[in-house]
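Novice: pasting the sequence and the predicted model now:
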Amino acid sequence: MYQYSSGEKLLQLCHDQGKDIAEIAIIAEVENSGNQKEQIIDWLKDQIQVMGDSIKKGLAQDIKSIGGLIGGNACKLQKRLESGDTFCGAVMLKSISYALAVTEVNAAMGRVVAAPTAGASGIIPGVLIALQEEKAYTDEEILHAFIVSGAIGKIIATNATLSGAEGGCQAECGSASAMAAAAAVYLNGGGPEQCLDAAAMALKGLLGLVCDPVAGLVEVPCSKRNASSVANALACAEMALAGITSFIPFDEVVEAMFKVGNMMSPALRETAGGGCADTATARNYSRMLHERRD
């Protein structure tokens, strides 16, 4: 049996079976679902295709969100990248612009992959597709990295939560950032321990992040929060690949995240009752939106 419910168990399986995280995760999914490996792989390829399509659509200038709060930001950042006069390298800036693109498509009611949630849907495609374009990774390598991200998400979902309503945005953008960090490490040849170290550091970096959507819409601060979570993921991947380890093990960070979520006020868990949603500007916008609907 290749089933795992913790990072510790996943590492043990990798060591005992002489396989990497992607190999363990796909075998576990075959066992768990009863589907053939080829069926699962085809489904995952479809998800990656949707991710790429959402990036392309989001880079169009005519994308406008339902609430009118975001749209066109991905295109603006892409133009800055093309200017060559930037602080960030191509991988970082492209990842950020791609993350914005996906979130803009989501906010316009377009088709995205909720990996792990719609509110955090820009982070994994932003990292994976930008890395493929800039580093020439093969489709198969990207597929395996996507599987690694899923393994990390599975552990978080099993032991904590991926829901902003339950755990705040640390459970959404934090989890997605951890998943993307592990995937990036895997792509660069990092071992299972390094993948989990990157995931732990990424989740720690966003520990306590609240979920405070203005007017209850998944637009502000959600879209730009995806962008900063991409930067967090890549920074943590670089640290792990450099040999920097997480003092707190991944499983304990997940446990801490869940406890922090339980301690959060309901106003900070997707209710639009606190944080950015409770600022004067946000309240004025919310009133205007409700008046328009009435």
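Specialist: Perfect, I can see it now.
Novice: could you report the pLDDT at the residue nearest to Gly190 when sequence neighbours are not counted?
Specialist: Distance criterion Cβ to Cβ, 6 or more residues apart in numbering; nearest residue to Gly190, sequence neighbours excluded, is Leu241 at 5.5 Å. Every residue, glycine included, has its C-beta placed from N, CA and C. Leu241 is assigned 98 on the pLDDT scale.
Novice: do Asp294 as well
Specialist: Looking at Asp294, its pLDDT stands at 68.
Novice: for the remainder of this discussion, apply numbering that starts at 747.
Specialist: Noted, 747 is the first residue going forward, which turns the last one into Asp1040.
Novice: secondary structure element for Lys900?
Specialist: In this assignment (DSSP states H and E), Lys900 forms part of helix 885-905.
Novice: export that helix as PDB, just CAs?
Specialist: The C-alpha trace of helix 885-905 is given here as PDB (Å, rounded to 0.1, in the frame of the first residue of the first chain):
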ATOM      1  CA  ASP A 885       5.500  18.500 -20.500                       C
ATOM      2  CA  GLU A 886       6.200  15.200 -18.600                       C
ATOM      3  CA  GLU A 887       8.300  17.100 -16.100                       C
ATOM      4  CA  ILE A 888       5.600  19.600 -15.500                       C
ATOM      5  CA  LEU A 889       3.000  16.900 -15.100                       C
ATOM      6  CA  HIS A 890       5.200  15.200 -12.500                       C
ATOM      7  CA  ALA A 891       5.700  18.500 -10.700                       C
ATOM      8  CA  PHE A 892       1.900  19.000 -10.700                       C
ATOM      9  CA  ILE A 893       1.500  15.600  -9.100                       C
ATOM     10  CA  VAL A 894       4.000  16.600  -6.400                       C
ATOM     11  CA  SER A 895       1.900  19.800  -5.700                       C
ATOM     12  CA  GLY A 896      -1.100  17.600  -5.300                       C
ATOM     13  CA  ALA A 897       0.600  15.300  -2.800                       C
ATOM     14  CA  ILE A 898       1.400  18.400  -0.700                       C
ATOM     15  CA  GLY A 899      -2.200  19.600  -1.000                       C
ATOM     16  CA  LYS A 900      -3.600  16.200  -0.100                       C
ATOM     17  CA  ILE A 901      -1.600  16.200   3.200                       C
ATOM     18  CA  ILE A 902      -2.800  19.700   4.100                       C
ATOM     19  CA  ALA A 903      -6.400  18.800   3.300                       C
ATOM     20  CA  THR A 904      -6.200  15.600   5.400                       C
ATOM     21  CA  ASN A 905      -4.700  17.200   8.500                       C
END
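Novice: what's it packed up against?
Specialist: helix 753-763, helix 767-779, helix 783-804, helix 869-881, helix 919-933, helix 938-951, helix 996-1009 (3 or more Cβ pairs under 8 Å, 6 or more residues apart in numbering; DSSP states H and E).
Novice: highest average neighbour count across the ones you listed?
Specialist: helix 919-933 (a mean of 32; mean count of other Cβ atoms under 10 Å).
Novice: how far out from the middle of the chain is that one?
Specialist: For helix 919-933, the separation from the chain centroid amounts to 7 Å (computed by Cα atoms, centre = their mean, to the nearest Å).
Novice: any idea how far the closest residue to Ala1028 other than its chain neighbours is from Ser867?
Specialist: With Cβ to Cβ, 6+ apart as the criterion, Ala1028 has its nearest non-adjacent residue at 4.3 Å, and that residue is Val960. Val960 sits 18 Å away from Ser867, going by Cβ to Cβ, to the nearest Å.
Novice: more crowded one of the two?
Specialist: Using other Cβ atoms under 10 Å as the criterion, Val960 and Ser867 rank with Ser867 on top: 27 against 24.
Novice: which residues touch stretch 881-898?
Specialist: 750, 756, 767-768, 770-772, 787, 790-791, 793-794, 837, 861, 870, 874-875, 877-878, 921, 924-926, 928-930, 932-933, 941-942, 945 (Cβ atoms under 8 Å, 6 or more residues apart in numbering).
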